[in-house]
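*Asks:* Any chance you could fold what I've pasted below:
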Amino acid sequence: MQIELHKSFVKDYDRSIAKIQNAFIARSNLFRENPYYPILKNHALVGKWLGHRSINITGNIRAIYKQIDENSVIFVALGSHSQLYK
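*Replies:* Modelled structure (predicted):
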């Protein structure tokens with residue numbers, strides 16, 4: 001699985017603390033192997049994020065992505081549940 005990072009995601013990532021950055025790296029490696037690995041809790045979104053999916057990075061941190069094609073995705077946002085879904 002090829003992963004691209006949108007500039008808005010990069011901004012969110014850069015503003016995050018090291019613990020979250022490291023957690024994203026670990027979870028993105030799992031995602032590359034199997035996007036539906038149970039710990040990721042990969043799920044479709046509705047409303048403002050319709051057409052996107054979310055994975056869990058830590059207990060409250062989510063990464064939102066959009067499927068580009070069957071072998072690539074682009075991550076577009078990273079943040080807490082309350083930041084992303086307000």
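*Asks:* how much space between Tyr85 and Gln2?
*Replies:* From Tyr85 across to Gln2, the span is 27 Å (C-beta to C-beta, to the nearest Å). The C-beta positions use only the backbone N, C-alpha and C, and glycine is treated the same way.
*Asks:* Looking at those two, which has the bigger crowd around it?
*Replies:* Tyr85 (14 against 10; other C-beta atoms under 10 Å).
*Asks:* Which pLDDT value belongs to that one?
*Replies:* Per-residue confidence (pLDDT) for Tyr85: 85.
*Asks:* what sits against the residue most central in space within the chain?
*Replies:* Centroid-nearest residue in the chain, with C-alpha atoms, centre = their mean: Ala63, separated by 2.2 Å. Going by C-beta atoms under 8 Å, 6 or more residues apart in numbering, Ala63 touches Phe9, Phe24, Arg27, Ser28, Ser54, Ile55, Ile57, Phe75, Ala77, Leu78.
*Asks:* Please flag which of those sit within strands.
*Replies:* Assigned to strands by DSSP state E, the following of the contacts of Ala63 qualify: Ser54, Ile55, Phe75, Ala77, Leu78.
*Asks:* just those now: which is nearest Glu33?
*Replies:* Ranked by distance to Glu33 (C-beta to C-beta), these are led by Ile55 at 12.8 Å.
*Asks:* Can you name the residues bridging to that closest one?
*Replies:* Ala63 (DSSP bridges).
*Asks:* That one touches Ala44, doesn't it?
*Replies:* No. Using C-beta atoms under 8 Å, Ile55 is not in contact with Ala44, being 11.4 Å away.
*Asks:* Show me which of the two is the more surrounded one.
*Replies:* Shown here are Ile55 and Ala44; by other C-beta under 10 Å, Ile55 has more neighbours (23 against 10).
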